[in-house]
Structures are given as C-alpha cells and as structure tokens.
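[1] predicted model and sequence below, questions to follow.
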Amino acid sequence: MGRFGKAFGQLKLPRDPLFRLLAINGIAGIAIAGLVLVGIFWANIGNLRVLVVNSDDPVLPVLMLAFALVITLGSVVIGSAIMLLGETDAGGATPLRTGRMRLKNELKPLPVAAGSRR
C-alpha cells in the first residue's frame, strides 16, 4: 500500500481561494450525490431498484441518475458556499448592519408639506 496510499492520500488543491472553495464544495456535492443515489436504491423509492435490476441494460439508468444528482446537488453545495462568502461571525449580519461600518452622512428628516383634500 506504499505507493497507492501516497498517490491517493494527498489531494492537490488550487492555490486560488475561489477555486479551492469550488473544488472542496464540488467534492462534497459529489459525495452527497453518491449518498442520495445509494439511499434511493436502498429504499427502493418508486420501485426504482426493481426496475433497474430487471432492465436489459441496468448501467445506463444508474449512470443517468448519478449524473443528474451530481449536477443538481453539486450545484446546490457550490452555490450555497458562494452565497455564504459574505457571512461574518456576527450572526450572519454584514458589517454595515452590525454597526462596525458607519455611514458617511448622517440621516436627517426631510420636512414634507401635506395638503388637505376636500
């Protein structure tokens, strides 16, 4: 297991933080898609396991379902990671909402004259 363990033990991640984020979350999305695929066949949802086992070519429907799950769940995981980039430790609020970043001009009330209707 000497060379085999070394070859697959270390994953080369990109140096750019954005690509590193996409790679890590893409791998997580693929793993989640694999778990969902196994769960679908284990639970026999919609009698799918029986249909696939009894088909002439059972590999094609499994590959098609796996591909669709990888695209869908991988996109969800990557998209949620990108949307969480602006989150801070202050309960999810941006610096403007937490009061750390002040507006340059103070807000002042603007007087408005209201006319009466008869």
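    Here it is on my side, so go on.

[2] what's the local residue count around R49?
    15 (other C-beta atoms under 10 Å). Quick note: C-beta positions are derived from backbone N, CA and C, even for glycine.

[3] how close does the residue nearest the centre of the chain sit to D16?
    Closest to where the C-alpha atoms of the chain average out (C-alpha atoms, centre = their mean) is V77, at 1.4 Å. Distance from V77 to D16, counting by C-beta to C-beta, to the nearest Å: 19 Å.

[4] do the same with I30
    Distance, I30 to D16, using C-beta to C-beta: 20 Å.

[5] the two - which one has more neighbours?
    I30 (16 against 10).

[6] which residues does that one contact?
    Taking C-beta atoms under 8 Å, 6 or more residues apart in numbering as the criterion, I30 is in contact with V70, G74.

[7] grab the longest helix from this structure for me.
    The residue-count maximum for a helix in the chain (DSSP state H) belongs to helix 17-43.

[8] many thanks, have a good one.
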